[in-house]
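**Student:** got a predicted model here, sequence first, then my questions.
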Amino acid sequence: MNFDFSDEQKQMRDEARKFLSEQCPPKAVREVLDGKAPYDKSLWKGLAEMGFLGVAIPEQFGGAGAGHLELCVIAEEMGRALAPVPFSSTVYLAAEALLIAGSDAQKQKWLPKIASGDAIGTLALFEGHGNPSPKAVKLTADGGALNGVKKPVPDGAIADFAVVAARTGSSGRESDISLFIVDLKASGVEVKSLTNIDLTRGQAEITFKDAKAEPLGAAGEGWGVITQVLDRAAVLMAFEQVGGADRALEMGRDYALDRIAFGRPIGSFQAVKHMLADMYVSATLARSNCYYGAWALSTNAGELPEAAAAARISATQAFQHCAKNNIQVHGGMGFTWEFDCHMYYRRANAVALGLGSLSYWEDALIDRMRKKNAA
Amino acid sequence: MNFDDTPQEAAFRAEAKAWIAANAPKQYEDELRKASLGRVALKGANILEVAKAWQKKKADAGWACLHWPKEYGGRGASPIERVIWQQEEGPFGRLSSMFIIGHGMCGPTMMAFAGEAQKRKYLPPLASGEKIWCQLFSEPAGGSDVAGLRTRAEKHGDEWVINGQKIWTSGAHYSDYGILLTRTDPDVAKHKGLTMFFLDMKSRGVEVRPIKQANGASDFNEVYFTDVRIPDSQRLGNVNDGWNVSLTTLMNERMSIGAGVSTGFPELFEFCNSLMLEDGPAIENRAVRSKLANWAVKASGLKYTSMRAISALSRGERPGPENSIGKLVAGSMIQDVATYALDLQGAAGALSGPEDAEAAGKFQAMLLRAPGTRVEGGTDEIMRNIIAERVLGLPGDIRVDKDVPFNKIPTKGRA
């Protein structure tokens, strides 16, 4: 049994960690946090040069053609470094949607640009509050023209194109939903940046007024594609979350070793030790669930829907748990702008929602387990 | 990344599978499979006899204590082969429960500290299940702080005379031998005055009394020692070096991975699939689903953590203290799962008779057994200390009794 990443994949993780520790130190993340830039453009270029943006994109479309296990190890490092770039929206959402449903021409048009860092993509799914649901999609598509409002759209203000979920029927079924690709720089598209809890990553409201759109995949099959994209993105995002959880745990551990109170390192008090031990436990459980998700994703196994939901829930919990208790270990200093703890807390709570919240994935997991049980 | 055996592992698995298919006591398979929680019992058969017969059969064919050297009754197998065997043995592995302490802790301690002639005499019948061993460490005054134990051993000529009391000894009532940690010097710091022995449990002056536990069952014993004489040749390790000897024993406790820990989740999932609430099936209720999902990811997280540990074994690495999480997570989870299963039953959840209770009372039994699970073999708090200190590298606890002679350590919290 080798339920682990290969030596080559681990080496890629080490390379990514080294690259990000040099190119994406907390100081660089703070440039975006403090509103000096919408995202880190030079880091984005560097990621392209390292081949990380196209690592899972086939060579014929300008990628490295390595695979999803390689993408998982990079995702973990992106989460660990809190990379302030549109990686998840472009690579997990837009690129995966194109890979699943795109025509050859569409893949040829966008994927090489994603791999080279010349195009930022996103998925425009949500329309106000609520979790992913075909019923919540009101934006209409009529004769290749979109009308409606999407929000929040991750990285919507900096994206060049979006995969947009639109209503093309009124039967009340999933087959009412179709997908479209929209050039966000074209006319009929208005983009407004929205403030959100994670200031290192953008969110936007996009208004479509007779915006020109090109169908992605067959009409009426959009919801099936969305479900697949969300499952795949859930695994990849779970790796980011585990990377962030691990880093928050390390920060807490390091502070507990250094900080003296009552004449001894605070890490020698059981109340603090046990809090850190519990953080380790949730990060470890999440990592193991993620590995199973990675296996299912990379082999396109029938277990993917269940494995993705488990990885998503476990990693969401772990990152939230580690990020909040990292602040608790730091005490008052953890609640300052100056310390980095809040950046992990913000990211943990923002990414917990982006692909659908915990309650959505809990429901999905039980549905999927029941189906397997019945089969 | 895959779940596949190496060719060598696959060959070993095939051999084990074939032997088990031809030799296992299949008439008990169903009962053993269902006995996933708590005590294993067989209707119309003495579990001890069935277990001993299966162990002997395994030993005769070279399938007992796989990782032990052949000359001591083992197979000289690799750690990963041992895990594969456990996977293939499946429900029949539950017949090994009375041998676990002997094989997992006493045997390795004997192997490290007994003389060669003793090893050849005592280890093969321990491996074959003909002789059962127990471990006599815990005392009323020494649980998590086992080095606080008080049972005295005093040297009289070539013998040691033992007086004192042990507690929480699994299987003492059917054990033939035991390893015993005693205090030989109370004038030095507590860790420095301990000595380890092994003894015949039929020795004069040994009295075994079952403990009636909080759940009404009796899985453990108290063992009283009154002027019990042990020859010096049965000392394990040097005089006053018993603490180091015991660390070997306890280290081996964590070596057995892959067997899987009970979380109660599969039982709860099955229960919720069939249970009807006022407004429909429990499994369709949002609140129930949320609870189930949270436990599902803990159970799967443990399962795949164990798969990762097995993969490390397969690469030839040794399992480390990170495997402490299994017991820590499963212990409180099974308690929470049982509490919730009763909650779903409403007022009737209080009924525990197998005829009246839902699911034949298994969740009620689980609830009443669970507090022990969180204490035995290292409390939740000790497990967290292990993770904090040995995995995360945090400082050890400040020990106020570290350099104090044992007999000067206070014995009461309140005067």
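**Tutor:** In hand now; what should we look at?
**Student:** before we go further, residue B:29 is sitting in a helix, right?
**Tutor:** Yes. When classified by DSSP: H, G, I helix; E, B strand; the rest coil, residue B:29 is found to be part of a helix.
**Student:** which residues sit in contact with it?
**Tutor:** B:91-92 (CB atoms under 8 Å, 6 or more residues apart in numbering or on different chains). (Glycine included, C-beta is placed from N, CA and C.)
**Student:** make it 7 Å
**Tutor:** Neighbour list for residue B:29: residue B:91 [criterion: CB atoms under 7 Å, 6 or more residues apart in numbering or on different chains].
**Student:** check residue B:308 too.
**Tutor:** A:3-4, A:288, A:291.
**Student:** tell me the contacts of residue 95?
**Tutor:** Because you didn't say which chain, this covers chain A. Per CB under 7 Å, 6+ apart, neighbours of residue A:95: A:57, A:111, A:114, A:121.
**Student:** chain B is the one I meant
**Tutor:** B:32, B:50-51, B:54.
**Student:** now with 8 Å, please.
**Tutor:** With CB under 8 Å, 6+ apart, residue B:95 has these contacts: B:25, B:28, B:32, B:40, B:47, B:50-51, B:54-55.
**Student:** can I get the contacts of residue B:308 in JSON lines with neighbour count, secondary structure and distance to residue A:158?
**Tutor:** Listed next are these as JSON lines, based on neighbours: other CB atoms under 10 Å in any protein chain shown; DSSP: H, G, I helix; E, B strand; the rest coil; distance: CB to CB, whole Å:
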{"residue": "A:3", "neighbour count": "22", "secondary structure": "coil", "distance to residue A:158": "38"}
{"residue": "A:4", "neighbour count": "17", "secondary structure": "coil", "distance to residue A:158": "36"}
{"residue": "A:288", "neighbour count": "27", "secondary structure": "helix", "distance to residue A:158": "35"}
{"residue": "A:291", "neighbour count": "26", "secondary structure": "helix", "distance to residue A:158": "32"}
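**Student:** what's the pLDDT at residue 292?
**Tutor:** I went with chain A, as the question did not name one. pLDDT recorded at residue A:292 is 98.
**Student:** wrong one, chain B
**Tutor:** 98.
**Student:** for the stretch 151-300 of chain B, which residue gets nearest to chain A?
**Tutor:** residue B:293 (3.6 Å; CB to the nearest CB).
**Student:** next: the stretch 201-350 of chain B.
**Tutor:** For the stretch 201-350 of chain B, CB to the nearest CB, closest residue to chain A: residue B:301, 3.0 Å.
**Student:** and residue B:201, what are its phi and psi?
**Tutor:** Phi and psi for residue B:201, reported as degrees, to the nearest 10, are phi -70, psi -10.
**Student:** any stretches of chain B with poor pLDDT?
**Tutor:** B:36-39, B:252-260, B:415 (pLDDT under 70).
**Student:** please redo it, this time with the cut-off set to 80
**Tutor:** Chain B contains residues with pLDDT under 80 at B:34-41, B:249-261, B:318-323, B:415.
**Student:** would you map the helices across the chain?
**Tutor:** As the question left the chain open, I've gone with chain A. A:7-23, A:26-33, A:41-49, A:68-80, A:87, A:96-101, A:104-115, A:222-258, A:270-299, A:304-330, A:341-354, A:358-374 (DSSP state H).
**Student:** right idea, wrong chain: chain B
**Tutor:** Under DSSP H, chain B gives helices at B:7-23, B:29-34, B:47-60, B:79-89, B:100-101, B:107-113, B:116-127, B:242-253, B:265-274, B:286-314, B:325-344, B:362-373, B:380-386.
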